[in-house]
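**Student:** coords please:
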Amino acid sequence: MNNGKNPFNIEKFYKSYLNAPKIFKNQNALDSTYIPEELPHRDNEIRMIAEKTACALRGDTPPNFLCYGRTGTGKTATIRYVSQKLAQQIIKNKPWWIYINCNLLSTPYRILAHIYNTISGKERIPPTGLPKDVIFKKLLGLLDQKVGSTICFLVLDEIDLLIEKTGGNEILYLLTRLNENLDYCRTSLIGISNKLKFNQSLDPRVQSSLGKEPPIVFHPYNAKQLGDILMERAKVAFYDNVLNDDVIHLCAALAAKDDGDARKALQLLRKAGEIAANSQHKVVKEKHVYEAHDELEKDHVEEYMLGMPLQAQIVLTAIFLINKFKPEYIITSGDIYEVHSELANKISGIKQLTKRMISDYVNELTLSGIISADIRSLGYYGRTKIISLDVDMVLVEKTLKQNEKIRNFLNYKPILLQSDKVLIKNNIFKKLI
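**Tutor:** Modelled structure (predicted):
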């Protein structure tokens, strides 16, 4: 820990870093988005995707299909690899490939706008404001006009999130029926999911077009396969003779324990290289891998929650307590204000916050990903924020227990959940029923 006597000298660090032995030749080769010349241990999956898309070489329309597999099994990388190889075989009218991350673009409006803006090359569709049917008609016109008589592949990564977040059968129905409304262009939808039973949650109309083809299933890598993948990437990423012999095997073995996740294996090797480079070592050693593993395994969510201001932690405590005693309860901003007021009366040295200040803390927790806050219409009662906890309850409790002012109230049942009591102007009354 820096005690202030020897402050970090950034200029000196940068100069010594530039003069230190070079570790990385092409650090980007260890990124999960990098597409290598060869994809080890995915021959079968490459063959099946190639067979489904080969008809595009003759101007025919490939079918819609799904790819299943756990995170880090190479689904997206394999599709990008095939897309590159397919493009190399077509001189004129090369197919379009549009990738949509459904974790980032989860509403029909945003997905249609993203497809339109990607094809047009400019952000012609605003983030909000237009009716969906207007965007859809504009998209049909653009597909026929700009993409023309070729294929447009629409790749929906984490497609299952569309159903979980928005009940996305509507947008899937529109996208799988595009060809019925096009004169020249043809589209093929490829869905990527981590959930094998995702297809069962689809509307029958969507199933009929998305589920015609048998899905392609990607199985997890074992330690040997991960080692082969890392070895090929390391040849591109690192200079010769900078990796100890056992570094690749150690990274592969540690990642194999995490369900054979190739992304984690690549991340681990990259982080180990960064640690060696930052400490100005000539060689990446096993100790750097273990340091990298500890760094990547560190729970940054817990670290973030521990570093929050006390009032933010009490707002989080209010949400936690409602979830703990009544998990099915629909939490609003007003509920958090009530429970926070109760806790403020019980915890010494804590002042009560205004509703505006509570709302500010709710926004901060939302931006950090600890909670979700969705605006919903309650009809006659207007619009309000519905709050849900996005972090594991056990982790939240473990974190809050480390605060001596809060730990004694983690078993307190809020008054709004007590059927025999009511809170009026910070005074507790027994219900007269």
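
**Student:** burial count for Cys193?
**Tutor:** Cys isn't right for residue 193; it's Ser. 23 (other Cβ atoms under 10 Å). All C-beta atoms are positioned from the backbone trio N, CA, C, and that covers glycine.

**Student:** ugh, typo on my part, it should be Leu175
**Tutor:** Count around Leu175 with other Cβ under 10 Å applied: 25.

**Student:** Spatially nearest residue to it (excluding sequence neighbours)?
**Tutor:** Excluding its sequence neighbours, the residue lying closest to Leu175 (Cβ to Cβ, 6 or more residues apart in numbering) is Leu189, at 5.4 Å.

**Student:** In contact with the one you found: list those residues for me.
**Tutor:** Listed by Cβ atoms under 8 Å, 6 or more residues apart in numbering, the contact set of Leu189 reads Asn64, Phe153, Leu154, Leu156, Leu172, Leu175, Thr176, Leu210.

**Student:** any idea whether the closest residue to Ser120 other than its chain neighbours is helix, strand or coil?
**Tutor:** Leaving aside its chain neighbours, Ser120 sits nearest to Leu142 (6.2 Å; criterion: Cβ to Cβ, 6+ apart). What DSSP: H, G, I helix; E, B strand; the rest coil gives for Leu142 is helix.

**Student:** distance of Leu142 from Phe136?
**Tutor:** 11 Å (Cβ to Cβ, to the nearest Å).

**Student:** By pLDDT, give me the weakest of the contacts of Leu189.
**Tutor:** Checking pLDDT across the contacts of Leu189, the minimum falls on Leu210 at 79.

**Student:** Around that residue, count how many other residues there are.
**Tutor:** Neighbours of Leu210 using other Cβ under 10 Å come to 26.

**Student:** Just list the residues touching the closest residue in space to it that isn't next to it in sequence, thanks.
**Tutor:** In this structure, Leu210 finds its nearest non-sequential neighbour in Asn64, 5.2 Å apart by Cβ to Cβ, 6+ apart. Residues near Asn64 by Cβ under 8 Å, 6+ apart: Thr176, Ser188, Leu189, Ile190, Gly191, Ser209, Leu210, Lys212, Glu213.

**Student:** Which residue comes closest to the second one once chain neighbours are left out?
**Tutor:** Spatially, and ignoring its direct neighbours in sequence, Ser188 is nearest to Pro62 (4.2 Å; Cβ to Cβ, 6+ apart).

**Student:** Thr187 is in contact with that neighbour, correct?
**Tutor:** No: between Pro62 and Thr187 there is no contact under Cβ atoms under 8 Å: 9.3 Å.

**Student:** Give me the common contacts of those two.
**Tutor:** Joint contacts of Pro62 and Thr187 (Cβ under 8 Å, 6+ apart) are Ile151, Phe153.

**Student:** ok but Ala87 is inside a strand, no?
**Tutor:** No: looking at Ala87 with three-state DSSP, it is helix, so not inside a strand.
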